[in-house]
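Engineer: Using only what follows, build the 3D model:
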Amino acid sequence: MKLDLYYSPGACSLVPHAILQSAEIPCNLKLVSLRNHEQNSPEFKQLNPNGQVPVLVINSSDVLTQVVAITLFLDHHFPNAQIFPNDIWKKAKLVELLVWFNNTCHPTFTRYYRPEKFVDGDAQKTDLKAKARQDYQQLIVQIENKVQINQANGQVFFHPYKPGPVDFYALTLTRWATMAKIPTTEFPVLWEYVRQVATAPGCYQALEKEGILDSFK
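Structural biologist: Numbers count the residues shown, from 1 in each chain. Okay, here's the model as predicted:
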């Protein structure tokens with residue numbers, strides 16, 4: 001199977017990137033610079049009309065978008081990688097958390113980082129950023145609480161064997177918190193946890209390739 005992953009450094013595409021690196025699944029990495037608006041190019045929009053990463057192209061023809069869909073596809077086709085546990089309840093609970101990251105936490109940060117997508121006018125953008133930052137901070141607190149509960153149950157990571165998709169997404173969301181000027185001192189347990197995720201083989205390699213490893217030092 002030939003795989004091409006279109007990604008942008010520090011975006012949520014880090015999740016499948018880290019999965020591929022951790023599982024040592026061969027894949028061609030295709031850099032898409034969001035800063036240079038390459039996601040809006042005609043060539044990229046032929047792959048994903050929404051102009052978003054990640055995009056996974058399978059065997060040069062089949063196109064799959066969205067973090068959750070790509071993660072489940074990789075889990076199905078590479079069972080030996082143990083991307084998710086075999087126990088269906090444990091898998092469902094991890095997917096539940098992954099979807100919450102994707103459909104609640106992620107869009108809240110987008111309202112902070114890209115307010116122009118939602119409102120016009122400088123005053124409206126300023127107000128939206130302030131509200132989104134406040135909401136995002138509360139979500140970060142919720143994630144830290146989930147980490148604390150998980151660790152109280154004897155698990156270092158959300159995934160039972162090693163860091164997995166939920167851990168990689170939690171790391172991404174935590175890094176975004178620093179971009180929203182939420183001090184790491186306000187969530188020390190979460191920050192220490194994501195630094196452990198960052199040092200795990202595979203994730204470390206993905207962060208290094210994306211040039212954002214220093215974010216966790």
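
Engineer: drop to CA atoms for contacts and neighbour counts, all remaining ones
Structural biologist: Will do.

Engineer: For this protein, which segments count as helices?
Structural biologist: With helices called from DSSP state H, the chain shows them at 14-23, 42-47, 67-77, 88-100, 106-113, 122-152, 165-179, 188-199, 203-210.

Engineer: Most tightly packed of those helices?
Structural biologist: helix 14-23 (a mean of 23; mean count of other CA atoms under 10 Å).

Engineer: Can you tell me what sits against that helix?
Structural biologist: Residues outside helix 14-23 that contact it (CA atoms under 8 Å, 6 or more residues apart in numbering) are 5, 7-8, 26-27, 54, 67, 70-71, 81, 83, 164-165, 168-169, 172, 201-203, 205-207.

Engineer: May I have the phi/psi pair for residue 26?
Structural biologist: phi -60, psi 130 (degrees, to the nearest 10).

Engineer: again with residue 156
Structural biologist: phi -80, psi -40.

Engineer: hang on, it packs against residue 150?
Structural biologist: Yes: using CA atoms under 8 Å, residue 156 is in contact with residue 150, at 7.3 Å.

Engineer: Need the pLDDT of residue 115.
Structural biologist: Among the per-residue scores, residue 115 holds a pLDDT of 97.

Engineer: Look at it and say how many residues are nearby.
Structural biologist: Using other CA atoms under 10 Å, residue 115 has 20 other residues around it.

Engineer: What spatial separation is found between the residue nearest to residue 66 when sequence neighbours are not counted and residue 38?
Structural biologist: Leaving aside its sequence neighbours, residue 66 sits nearest to residue 54 (CA to CA, 6 or more residues apart in numbering; 6.3 Å). According to CA to CA, to the nearest Å, residue 54 and residue 38 sit 13 Å apart.
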